[in-house]
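*Asks:* Return atomic coordinates for the entry below.
(chains A and B)
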Amino acid sequence: MLARLGKVWLGLILVFLYAPILVMAAMSFNASPYYQLPFEFTVEWYEKLSENRGILRAAARSVGIAMVTTVIATVLGTAASLALFRYEFRGKAVLRVLLFPPIAIPWLITGTAMLVFFFGIGLGRGTPAVIVGHVALALPYVIVVVTARLATFDPTLEEAARVLGAGGWTVTRRVTLPWIAPGIIAGALFAFAISFDQFVVSYFLSEPGDSTLPVVIYTAIRKGFTPEINAVSTLIIVVSMAVMLVAARFSNFGGER
Amino acid sequence: MAGGTAISGARAGLIALLSPAYLWLTAAIFLPLSAMLFFSLVTELPFGGAEWAFTLENYRAFFETPTYATLLWKSVRLGLIVTVVCLLVGFPCAYVLAKAIRGRAREALFLLVILPFWSNSLVRIFSWAIVLRGNGVLDLGLNALLPFEVDVSLMFTTHAIVIGLVHSYLPYVILTSYLALQAIDDNLIDAARSMGAGKPTILWRLVLPLSLPGLVAGAVLIFVPVVGAFMEPRILGGRVGTYYGTVIEDQFVAVYNWPLGAALSFILLAVVLFILAVASPMLKRAQA
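*Replies:* A predicted model of the protein is given here:
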């Protein structure tokens, strides 16, 4: 009895989580610009979207920033994870704790702090500043995911390769990296998702008229929204959910985060 | 001698691997946070040759103008409400996932619960605006089903903000509770049952205490960002959506009083750090 009730509860929660997203997606195919029912199918809003240069430019910028962020955060994060895995040294515990602030401090605080600091050092606002910020937010996640994968790696394999005469870089490239590749791929996908979906930090760091997709959407929503926004939002949800599904396949999704 | 070079070689490798990531974090997180403390203590931004001096004026503004303290309290209260709702709704759900469903179904359902959380939070808040607006889908749907006329315009109310935020952060508490619950040995529950403990006793004396670290972790992960929320109240709250976070946003994007904004941000950071410090013994237990 109780178990059945529990399953009903779980079902209700899934409805709560997905219903608004599905409604939003449905409305992007509805003809009425004022979200009136009855539903009448159209792809008009997607056509309008494909002609909206402002949104297309912002989308291209968002994807570009996410790709650059992914490459930098994955390389730096994997390197740091290897160091944390291989070496014993004083202060290691502190370095692990230092990964926590970028995750735990609200983005409003980090974002505004970055804004004033980047102005102070002359970097100012704009795409480079956004990338610097995104990489910093993504790094801890990459390190956590790759470290989790490294925990399943047997360090004696590295030793064996070394005994057999392999040099340091060869050991890393031929033994360690292939083993942790799923973790690195998952970390990279997480980094992409964090950057692509990031709103708060981008909002404070991007130049007006030169901003990322979420910032453009936020501005549009506040002006009064149209089904075009539904269309682009639906596309964003599809992209980020697809990325995360792939990431979940590569990491065990034990629940980093 | 050879040992010496090996050690210094290892040291060089360590530094080469580690320093890029941590230098980046320093330049993009830790230095900005320190700089903000500095900016919160000056009269004018010291850029472009502006005259500036040290001052406590920005902090005095917080303590002398009751508006800021009132708004901070309003944000803290919002954080508490959202956290409690998420715990009450999410814990039973995590329990069902961890203890009542097995195998592939569990994996799939778990992924389904976590997935929205990794999608764009702004877009999800926007989707609630579509559902909740007057004459919106909820309104039309209820009126189509019910025999009498109802007017559910939740949009631009505190309820709308709470609903949107619960939607955003519910997966956190399900995730952390699920992990804690999964770690509880089923034999322990069977043993308690065979010794005559009833369901409420098992829940109160066994399951809840053992999953407490997970609940605390989830609560902190929800409370902290909600206190600093500004986008959700803006979109769903309209005129009632003025919170501490939106005031900080205004200082940076509308009023351009950066020193005051920095001081307000720093006060928020102090509140956040205080909460993390209070919760940290519990969180350490959760990690162990």
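
*Asks:* Just give me the neighbour total for the residue in the stretch 151-288 of chain B positioned nearest to chain A.
*Replies:* Taking Cβ to the nearest Cβ, chain A has its nearest neighbour within the stretch 151-288 of chain B at B:Gly228, 3.2 Å off. Every C-beta, even on glycine, is put in place using the N, C-alpha and C of the backbone. By other Cβ atoms under 10 Å in any protein chain shown, 25 other residues sit near B:Gly228.

*Asks:* buried ones in the helix of greatest length in chain A?
*Replies:* The residue-count maximum for a helix in chain A (DSSP state H) belongs to helix A:53-86. For helix A:53-86, a neighbour-count test (16 or more other Cβ atoms under 10 Å in any protein chain shown) marks A:55, A:58-59, A:61-63, A:65-66, A:68-70, A:72-74, A:76-86 as buried.

*Asks:* measure the closest residue to A:Lys92 other than its chain neighbours to A:Arg174 for me?
*Replies:* Using Cβ to Cβ, 6 or more residues apart in numbering or on different chains and skipping residues adjacent in sequence, the residue nearest A:Lys92 is A:Leu84, 6.6 Å away. Per Cβ to Cβ, to the nearest Å, A:Leu84 is found 21 Å from A:Arg174.

*Asks:* What strand or helix carries A:Phe190?
*Replies:* Here A:Phe190 is covered by helix A:177-197, with elements defined by DSSP states H and E.

*Asks:* Relative to the whole chain's centre, how far out is the helix or strand that that helix is followed by?
*Replies:* Sequence order places helix A:200-205 as the next helix or strand after helix A:177-197, per DSSP H and E. Centroid displacement of helix A:200-205 relative to its chain, using Cα atoms, centre = their mean, to the nearest Å, is 15 Å.

*Asks:* Give the other helices and strands that helix A:200-205 contacts.
*Replies:* helix A:107-120, helix A:127-150, helix A:213-223, helix B:244-253 (3 or more Cβ pairs under 8 Å, 6 or more residues apart in numbering or on different chains; DSSP states H and E).

*Asks:* go with 6 Å
*Replies:* With contacts taken as 3 or more Cβ pairs under 6 Å, 6 or more residues apart in numbering or on different chains; DSSP states H and E, helix A:200-205 sits against helix A:107-120, helix A:127-150.

*Asks:* Mind listing residues that contact that helix?
*Replies:* Residues outside helix A:200-205 that contact it (Cβ atoms under 6 Å, 6 or more residues apart in numbering or on different chains) are A:Trp107, A:Leu108, A:Gly111, A:Thr112, A:Leu115, A:Arg125, A:Ala129, A:Val130, A:Gly133, A:Thr212, A:Val215.

*Asks:* got any ranges where the stretch 151-288 of chain B has weak pLDDT?
*Replies:* Along the stretch 151-288 of chain B, the parts satisfying pLDDT under 70 run over B:151, B:283-288.

*Asks:* For burial, what's the neighbour tally of the nearest residue to A:Thr42 once chain neighbours are set aside?
*Replies:* Distances taken as Cβ to Cβ, 6+ apart put A:Ala31 closest to A:Thr42, at 4.3 Å, once the chain neighbours are dropped. Here the count is done by other Cβ under 10 Å, and A:Ala31 has 14 residues near it.

*Asks:* same check, this time on B:Leu165
*Replies:* Neighbours around B:Leu165, by other Cβ under 10 Å: 27.

*Asks:* Then B:Gly214?
*Replies:* B:Gly214: 26 surrounding residues under other Cβ under 10 Å.

*Asks:* and it, helix, strand or coil?
*Replies:* When classified by DSSP: H, G, I helix; E, B strand; the rest coil, B:Gly214 comes out as helix.

*Asks:* Hmm, B:Thr176 and it touching each other?
*Replies:* Yes - in this structure, B:Gly214 is within contact of B:Thr176 by Cβ atoms under 6 Å, at 4.4 Å.

*Asks:* all helices for the stretch 151-288 of chain B, in order.
*Replies:* Remark: helices assigned in the stretch 151-288 of chain B by DSSP state H, counting those that start in this stretch are B:158-182, B:186-194, B:199-202, B:208-227, B:231-232, B:244-253, B:258-287.

*Asks:* Most tightly packed of the ones you listed?
*Replies:* helix B:231-232 (a mean of 28; mean count of other Cβ atoms under 10 Å in any protein chain shown).

*Asks:* Give me the residue ranges of chain A where confidence is low.
*Replies:* A:251-257.

*Asks:* what does the stretch 151-257 of chain A put close to chain B?
*Replies:* A:193, A:197, A:199, A:214, A:221, A:233, A:236-237, A:240-241, A:244, A:248, A:255 (Cβ under 6 Å from any Cβ of the partner chain).

*Asks:* Can you tell me which of the residues you listed are buried?
*Replies:* A:Ala193, A:Asp197, A:Phe199, A:Pro214, A:Ile221, A:Ser233, A:Ile236, A:Ile237, A:Ser240, A:Met241, A:Met244, A:Ala248.

*Asks:* what's the most distant pair in those?
*Replies:* Of all pairs drawn from these, the greatest distance, 29.2 Å, lies between A:Ile221 and A:Ala248 (Cβ to Cβ).

*Asks:* distance of A:Lys7 from chain B?
*Replies:* In this structure, A:Lys7 and chain B are 6 Å apart, going by Cβ to the nearest Cβ, to the nearest Å.

*Asks:* can you count the residues close to that residue?
*Replies:* Counted with other Cβ under 10 Å, A:Lys7 comes out at 15.

*Asks:* tell me which element it falls in.
*Replies:* In this structure, A:Lys7 sits in helix A:2-27 according to DSSP H and E.

*Asks:* got the angle between that helix and helix B:158-182?
*Replies:* Put simply, helix A:2-27 runs at 130 degrees to helix B:158-182, going by axes from the mean of the first three to the mean of the last three Cα atoms, to 10 degrees.

*Asks:* got the residues of the stretch 51-200 of chain B near chain A?
*Replies:* Checking the stretch 51-200 of chain B against chain A by Cβ under 6 Å from any Cβ, the hits are B:92-93, B:96, B:100, B:111, B:115-116, B:118-120, B:122-123, B:126-128, B:130-131, B:137, B:140, B:175, B:179.

*Asks:* Buried subset of those residues as a ChimeraX selection?
*Replies:* Here is the ChimeraX command that selects the buried residues among those (16+ other Cβ under 10 Å):
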select /B:92,93,96,115,116,118,119,120,122,123,126,127,128,130,131,137,175,179
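
*Asks:* quick one: which of the residues of the stretch 51-200 of chain B next to chain A sit in strands?
*Replies:* With strands identified by DSSP state E, none of the entries of these belong to them.

*Asks:* From the residues of the stretch 51-200 of chain B next to chain A, which land in helices?
*Replies:* Within these, residues falling in helices by DSSP H are B:92-93, B:111, B:122-123, B:126-128, B:130-131, B:137, B:140, B:175, B:179.
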